[in-house]
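**Q** sequence first, then the predicted structure, then my questions.
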Amino acid sequence: MASPEEILPIVDYLIDLSCCPRCILRFLGQHAKETFYLNPKEYFNSLIMTGDKDPQENIKKLKSNVCPVCLDCYKDSTIEKITEQLKTLDLESYDYSNFFFNVSFPKCIAVRAHSILLHLKNKFPNYRFGNLYETTSNENVPLLEPPHKIFRVISSKALSEVLNRPCHPKSQLSLLICLGYEDDDIEVKNLKDIINNTKKNQHIRISRNNIPEFLKETDEKMFKSRFSVPPEIPNTPVSIVNIEINAEPLFLGGRYFKFKRNVGQTPWIKDGQSVTDYNVQDEVFKAVSSVLGFDYNSMTFTASGREDVDVRMLGTGRPFYIKIDNPKRRKFLQEDLHKIERMVIQSELVAITNLQTVPESELRRIKHGEEQKRKTYKAICKTTCPNVKEAISVINKHGESQLNVTQLTVMRVLHRRTLLPRNKIIYHMTAEEIPGHSDLFELVMVTQAGAYVKEFVHGDFKRTQPNISSLIGYPTDMIALDCIDIDLAWP
């Protein structure tokens, strides 16, 4: 560890360069966990008291210029401006017990830090300065604290006081404090020129994320030819561009039912006109918005597959979830969810059940289930077979065992899907007579997800093979279809 006699000349020199106390601490290798960042004078005084310097002497007086390294990001006055702006935001409407925050610095902050470190290493070659770019420390080269960590140490308490809630790293409510600098793009432009000198980097776009990587690989001589070393004192400090409030998405899951036909799953707009008068999404969103107060535009509806508009969803219902972006609340009573269910069923078109909050980690089951699940359908079919009993007998015989079906992309979706043969499975099927109708029968099928059951019945101009029509030897079509079970554990 360096002695005060080694450190004090560096402190005085950085003050001469107009560096702020916190940047001085950073480049001396002090870690942000130290309380010194909250009160840098305490650290400087400790150097004087433990060194050979006369205790009556002081560290050089700090200059009033803008810090050439952090652009005053670490200055108390900047934090005060942030807290004042926080007071103007609608944070009280967010019902969260804690918060977390990140900060977006100007891009040139990284360039200026690189510049000052190069200069210090040349000016004080015997001092062991830290590394800006490595992620793991070693005995020979310590890591310099990243800017965001220092910023959190010095600002967390002030932000907590104005928000009246503690800062917690795992909070579901986060703030993004965006700091800007008027000459940011101009200062970074030279780095872009350096990068563009190599063919492989000609189309790379400069961003906050990749600037450190490029600086790490940039030749010192090349850097000094393009940038001021040490960095020049800026005319203006950073400004607060904006403060973004964002809460982690909330997910509500359940199963929905469609009791009537010609009801879509989601809004279906064609040529500027709605194809259906009603849809499941709108009925559910209306109830959720009414009970929980969430805005329509913040909600996204996702289901495990979808049935056609003219198909009812009965039986166990179809799994679905709603994603609610930036929710102002995520705690509510079970009675609230029951109230939503009651409101939806009042439409007499749609119902939902088992509505509950679900963790994001569970959502993959919905997507995974789209390929793996089994569906059960009940259909009313009309056939030209003169003997419906014989037709039923043939169907039941084939339905006793698994039936492998090949479906060339069906005609009704060919405009939006690639022309490919797809192999699907009919696991089981049974047919029954419908009393009083010699040309109708009821067909119950358990199918693999993604099977087109309408085409399995009529054959889709022989694009689906085998099909019910080919099995019984007579043209057969479907006149009504219900989905009665989706074999997926949800929620």
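**A** Sure thing, it's come through.

**Q** next SSE downstream of the helix-or-strand element of the chain with minimal mean pLDDT?
**A** In the chain, no helix or strand scores lower on mean pLDDT, DSSP states H and E than helix 364-372, which sits at a mean of 78. Later in the chain than helix 364-372, the nearest helix or strand by DSSP states H and E is strand 374-383.

**Q** roughly how far out does that following strand sit from the chain middle?
**A** Mean C-alpha position of strand 374-383 versus that of the full chain (CA atoms, centre = their mean, to the nearest Å) differs by 39 Å.

**Q** residue 287 contacts residue 338, doesn't it?
**A** No - when contacts are counted by CB atoms under 8 Å, residue 287 is not listed as touching residue 338 (11.0 Å). For glycine as for every other residue, the C-beta is placed from the backbone atoms N, C-alpha and C.

**Q** so between those two, which is more surrounded?
**A** Neighbour count, other CB atoms under 10 Å: between residue 287 and residue 338, residue 287 has more, with 22 against 12.

**Q** give me the contacts around stretch 363-378.
**A** Here stretch 363-378 makes contact (CB atoms under 8 Å, 6 or more residues apart in numbering) with 251, 302-305, 315, 319-321, 427, 442-451, 453, 481-490.

**Q** tell me where the stretch 151-300 of the chain has strands.
**A** For the stretch 151-300 of the chain, the strands defined by DSSP state E, counting those that start in this stretch cover 173-180, 239-247, 250-258, 263-264, 269-270, 273-274, 278-279, 299-303.

**Q** actually the stretch 351-491 of the chain, not the one I wrote
**A** Secondary structure of the stretch 351-491 of the chain, counting by DSSP E, counting those that start in this stretch: strands at 374-383, 403-408, 421-434, 437-448, 464-465, 476-486.

**Q** identify each buried residue in stretch 345-355, please.
**A** 345, 347, 349-352, 355 (16 or more other CB atoms under 10 Å).

**Q** got a list of contacts for the helix or strand harbouring residue 341?
**A** In the assignment (DSSP H and E), residue 341 maps to helix 334-345. By CB under 8 Å, 6+ apart, the residues outside helix 334-345 that reach it are 252, 254, 283-284, 286-288, 290-292, 350-353, 355-356.

**Q** and residue 101, how far is that from residue 173?
**A** 9 Å (CB to CB, to the nearest Å).

**Q** low pLDDT regions in the stretch 51-200 of the chain?
**A** The model of the stretch 51-200 of the chain has pLDDT under 70 over residues 51-60, 137, 139, 196-200.

**Q** can you show me the helices along it?
**A** 76-86, 108-123, 147-163, 184-195 (DSSP state H, counting those that start in this stretch).

**Q** most tightly surrounded among these?
**A** Among the helices of the stretch 51-200 of the chain, helix 108-123 has the highest mean neighbour count (mean count of other CB atoms under 10 Å), at a mean of 20.

**Q** right, and residue 29 touches residue 130 too?
**A** Yes - with contact defined as CB under 8 Å, residue 29 counts as touching residue 130 (4.8 Å).

**Q** so what sits against both of those two?
**A** In contact with both residue 29 and residue 130: 142, 144, using CB under 8 Å, 6+ apart.

**Q** and residue 89, what does it touch?
**A** Taking CB under 8 Å, 6+ apart, we find residue 89 in contact with 243, 245.

**Q** switch to numbering from 803
**A** Renumbered: residue one is now 803, and that last one reads residue 891.

**Q** how far away is it from residue 1111?
**A** Between residue 891 and residue 1111 the distance is 43 Å, computed by CB to CB.

**Q** any chance of CSV for the strands of the stretch 1153-1293 of the chain, columns mean pLDDT, distance to residue 1048 and mean neighbour count?
**A** What follows is the strands of the stretch 1153-1293 of the chain, written out as CSV (pLDDT from 0 to 100; distance: least, CB to CB, whole Å; neighbours: other CB atoms under 10 Å):
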stretch, mean pLDDT, distance to residue 1048, mean neighbour count
strand 1176-1185, 98, 37, 20
strand 1205-1210, 98, 44, 16
strand 1223-1236, 98, 41, 16
strand 1239-1250, 98, 40, 18
strand 1266-1267, 98, 47, 21
strand 1278-1288, 98, 34, 18
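
**Q** so for residue 1018, which of these sits nearest?
**A** strand 1223-1236 (49.4 Å; CB to CB).

**Q** how about residues contacting that closest one?
**A** Residues outside strand 1223-1236 that contact it (CB under 8 Å, 6+ apart): 1176, 1182-1183, 1190-1191, 1193-1194, 1197-1198, 1200-1202, 1204-1211, 1242-1250, 1252-1254, 1258.

**Q** what strands flank it, and is each parallel or antiparallel?
**A** Sheet pairing of strand 1223-1236 (DSSP bridges) gives strand 1205-1210 (antiparallel), strand 1239-1250 (antiparallel).

**Q** residue 1036: which of these is closest?
**A** Nearest of the strands paired with strand 1223-1236 (CB to CB): strand 1239-1250, 64.9 Å.

**Q** tell me what angle that closest one forms with strand 1278-1288.
**A** 40 degrees (axes from the mean of the first three to the mean of the last three CA atoms, to 10 degrees).
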